[in-house]
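A.B. asks: model the structure of this input:
(4 chains)
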Protein chains: 2
Amino acid sequence: MSSARDRILDAYERQILAGGERGTTLDAVAADAGVSKGGLLYHFSSKDSLRSSLLERLVERSQIDAAEMPQLPEDAVRLFVESSADTADQLHSTFLASQTLARNGHADAAEAIRTVEQGWYDRLAEATGDPLVARMAQLIGDGIYDNAAIDPGGDGFTLTPSAEEREAITEALISLLDR
Amino acid sequence: MSSARDRILDAYERQILAGGERGTTLDAVAADAGVSKGGLLYHFSSKDSLRSSLLERLVERSQIDAAEMPQLPEDAVRLFVESSADTADQLHSTFLASQTLARNGHADAAEAIRTVEQGWYDRLAEATGDPLVARMAQLIGDGIYDNAAIDPGGDGFTLTPSAEEREAITEALISLLDR
DNA sequence: GTCTATATTGTGATAGAC
DNA sequence: GTCTATCACAATATAGAC
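C.D. replies: Residues are numbered from 1 along each chain as shown, chains lettered A, B, ... in the order given. The predicted structure is shown next:
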């Protein structure tokens, strides 16, 4: 059983992903979470508090995820390229929502994103032992995230690379490791 | 001498890049453009009209840019990786602003971005003759754009790759062409 | 073409009942 | 802990003078 707090944060995240920050009125978030606006404001005293709580959640989830970085270079690259922007994944949807906040001028969100990205890069660089391939994999992952964020539905005519394309990209990056 | 219309669109673009859609109130845009709110609304009858005019500008500028795609595969890759998100460039800043609008749930902006990205991909794939490397270069470019958008200042501790890194990435991608 | 009001609505936040 | 008012203000848009 999830707490009301969690359900409200989930709704906030969903609203950001669906319509950007523009649509995240307290009314809309409360309705999506199944509470009244007053109920929402009992748990989060202001909209700023809602945002900073989402950023805390991002850091927590990214730390849990950090423990799962594969040790084999190939697997680390594969993880970055092939699982980026899986919107069903909790960490990824929190990350995408936070990124949208960062692009809307919230310095605290930009700071959190920088921290998480830096952590990902460090672990990827360590796992691969190749800073350049690590950077390429990270940027490709960011590109996939970005396209996924713009193209929510993703029904056919999308910019998001297919599973086959991602696999081919992974193989290409791995081949660069063996230079 | 630029027209008032252009100056207002420039201001709108600047405000989006500086603070996301959130900060682009008619007051703020008008002040930035050096006109009154009423003056702004004479040229653009609504905020929607302001947005759709920016998207028209994006398509125009991307078509002008299309003529400049290099013929050599190496140069085409280099252009994508090394000139992405040069915010001083007119096309790039219009693109970044439109991307922010797309991430805020505006379907018309998402559609325009898709069109432009598809056009870029097609030309890059043609110039390189290698769909996979074209896709990688495009995603890396998107990743660089994305980081540049989150990190406006970019003073040292940023995620945006340095000029040296970009050059190395270009070389790596070019090496993949010769398989 | 550009301005100064002003009308109108949307939104964040408070107060207090239950 | 959750709700229903309600307030205060910000933002879009209109009307009409200059």
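A.B. asks: drop to CA atoms for contacts and neighbour counts, all remaining ones
C.D. replies: Noted.
A.B. asks: before we move on, what's the pLDDT of A:Asp178?
C.D. replies: The score at A:Asp178 is 78. That number is its pLDDT.
A.B. asks: ok, A:Pro161 next?
C.D. replies: 93.
A.B. asks: is it part of a helix or strand, or is it coil?
C.D. replies: coil (DSSP: H, G, I helix; E, B strand; the rest coil).
A.B. asks: my guess is it meets A:Ile144, correct?
C.D. replies: Yes: in this structure, A:Pro161 is within contact of A:Ile144 by CA atoms under 8 Å, at 7.4 Å.
A.B. asks: quick check, the longest helix seen in chain A touching chain B?
C.D. replies: Criterion DSSP state H: the longest helix present in chain A is helix A:107-128. Yes: Helix A:107-128 reaches chain B (CA under 8 Å from any CA of the partner chain) through A:110, A:114, A:117-118.
A.B. asks: got a winner among the residues you listed for most neighbours?
C.D. replies: Of all the residues of helix A:107-128 next to chain B, the highest neighbour tally under other CA atoms under 10 Å in any protein chain shown goes to A:Ala110, namely 23 neighbours.
A.B. asks: residues of chain A that sit close to DNA strand C?
C.D. replies: By the rule CA under 7 Å from any atom of the strand, the part of chain A lying against DNA strand C is A:23-27, A:37-38, A:41, A:45-48.
A.B. asks: which of the residues you listed are buried? Put it as a PyMOL command.
C.D. replies: Burial among the residues of chain A next to DNA strand C is assessed by 16 or more other CA atoms under 10 Å in any protein chain shown; the matching PyMOL selection reads:
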select buried, chain A and resi 23+24+26+37+41
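A.B. asks: including secondary structure, could the residues of chain A next to DNA strand C go into a markdown table?
C.D. replies: Shown next, in a markdown table, are those (three-state DSSP):
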| residue | secondary structure |
| --- | --- |
| A:Gly23 | helix |
| A:Thr24 | coil |
| A:Thr25 | coil |
| A:Leu26 | helix |
| A:Asp27 | helix |
| A:Lys37 | helix |
| A:Gly38 | helix |
| A:Leu41 | helix |
| A:Ser45 | coil |
| A:Ser46 | coil |
| A:Lys47 | helix |
| A:Asp48 | helix |
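A.B. asks: would you reformat the residues of chain A next to DNA strand C as a markdown table and include distance to A:His106?
C.D. replies: Below are these laid out as a markdown table (distance: CA to CA, whole Å):
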| residue | distance to A:His106 |
| --- | --- |
| A:Gly23 | 16 |
| A:Thr24 | 15 |
| A:Thr25 | 16 |
| A:Leu26 | 18 |
| A:Asp27 | 21 |
| A:Lys37 | 23 |
| A:Gly38 | 25 |
| A:Leu41 | 21 |
| A:Ser45 | 18 |
| A:Ser46 | 15 |
| A:Lys47 | 12 |
| A:Asp48 | 10 |
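A.B. asks: ok, and of the residues of chain A next to DNA strand C, which contact chain B?
C.D. replies: Among those, proximity to chain B is found for none (CA under 8 Å from any CA).
A.B. asks: name the nearest of the residues of chain A next to DNA strand C relative to A:Asp6.
C.D. replies: Checking those against A:Asp6 by CA to CA gives A:Leu41 as the nearest, at 13.6 Å.
A.B. asks: how close does the closest residue to A:Asn147 other than its chain neighbours get to DNA strand C?
C.D. replies: Distance criterion CA to CA, 6 or more residues apart in numbering or on different chains; nearest residue to A:Asn147, sequence neighbours excluded, is A:Thr160 at 5.7 Å. Counting by CA to the nearest atom of the strand, to the nearest Å, the gap from A:Thr160 to DNA strand C is 30 Å.
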